[in-house]
Structures are given as C-alpha cells and as structure tokens.
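[1] just the structure for this:
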Amino acid sequence: MTNFLILWLVIGGVALAVDIATSSFLFVWFTVGSISAIIAQILDCSFMTQLITFVGISGISMAFGYPMAKKTIKNSVKKTPVREETYIGKIITVDEDIIQEGKAKIDGVYWQALNVGEIIKKGDEVKIIEVRGNKIVITKE
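    Below is the predicted model:
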C-alpha cells in the first residue's frame with residue numbers, strides 16, 4: 001500500500017494553521033479527520049478507506065463540534081455594546097423645549113428624541129432611558 005501519511009499530515013497541519021489564523025473553529029475538524037485517516041493508515045487500510053474515514057469523521061465532528069464551540073465562545077465572550085447602547089442612563093442637557101418629540105444633542109450628534117415624561121424646557125437635564133431604532137427615549141431627570 002502507498003504511504004499517504006504525508007498527505008494527511010499536510011491536510012491536518014494546513015487546516016489547523018488556517019483555524020489558528022482565523023480563530024473560526026471551522027477548519028480544526030479537518031485536522032480531526034486527518035488524524036482518523038492517519039490511524040486508518042497505521043491500521044494498513046486502503047486509501048479509499050482512509051479517504052472515507054477522513055470525510056466521515058471530518059463531517060461528523062464538524063456537524064457536532066462546530067455548534068458546540070460556537071455556543072461556548074458566544075457564552076464566554078462579553079458582547080461589546082454598540083455606541084447607542086452606551087447612551088442608556090446618560091444625563092444630557094437639551095437645547096430646545098420638548099413636549100413629545102424634538103431633537104437632543106449627544107456627543108455632538110443630534111438625535112430625534114421622544115419624551116415620555118413631563119414637558120422638558122430648554123436647558124433641562126434629561127436621562128436617556130432607551131434607544132428605539134434611530135430615536136432616543138428621554139425623561140426629565
């Protein structure tokens with residue numbers, strides 16, 4: 001039988017290197033498949049058996065391992081809030097009277113503001129309680 005050990009080592013090594021470079025946990029499963037093909041090579045199986053083992057184990061480990069790895073990473077990495085989410089709870093001073101809707105300036109950017117409390121006069125301090133799409137929801141502080 002022809003020795004395909006180098007082929008499986010190259011496939012496994014390249015897959016592992018790509019996965020390390022991309023941090024995607026998408027290609028490491030081909031490394032698992034190549035290890036199983038190397039085991040089949042050691043057991044003196046034919047190339048076709050090695051290939052079927054590689055494809056089968058890679059597919060099975062990807063089907064089960066990738067969702068588990070993705071879920072684990074998603075649960076362990078804290079979500080970075082978008083800029084608008086950091087506005088919630090912030091106190092700002094308004095530049096105009098706002099009865100129901102108006103404009104409020106946050107960090108140099110004007111936002112459409114929805115007032116859910118009492119009437120807001122120019123110069124009043126308000127608290128941002130929510131972001132709804134491209135509008136901020138405010139209430140008098």
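[2] identify the residues contacting Phe30.
    Counting by C-beta atoms under 8 Å, 6 or more residues apart in numbering, Phe30 touches 11-12, 15, 54, 58. Every C-beta, even on glycine, is put in place using the N, C-alpha and C of the backbone.
[3] can we see that at 10 Å?
    The contact partners of Phe30, by C-beta atoms under 10 Å, 6 or more residues apart in numbering, come to 11-12, 14-16, 18-19, 54-55, 57-59, 61-62.
[4] any idea which element it lies in?
    helix 28-42 (DSSP states H and E).
[5] now that helix: buried residues?
    The neighbour-count criterion (16 or more other C-beta atoms under 10 Å) identifies 28-38, 40-41 as the buried residues of helix 28-42.
[6] dig out what the residue lying closest to Tyr110 once chain neighbours are set aside forms beta bridges with.
    Excluding its sequence neighbours, the residue lying closest to Tyr110 (C-beta to C-beta, 6 or more residues apart in numbering) is Lys103, at 5.0 Å. Beta-bridge partners for Lys103, by DSSP bridges, are Gln112.
[7] I figured Lys103 hits Ile120, correct?
    No: assessed by C-beta atoms under 10 Å, Lys103 is found out of contact with Ile120, at 11.5 Å.
[8] these two: which has the busier surroundings?
    Counted by other C-beta atoms under 10 Å, Lys103 and Ile120 do not tie: Ile120 has more neighbours, with 23 against 13.
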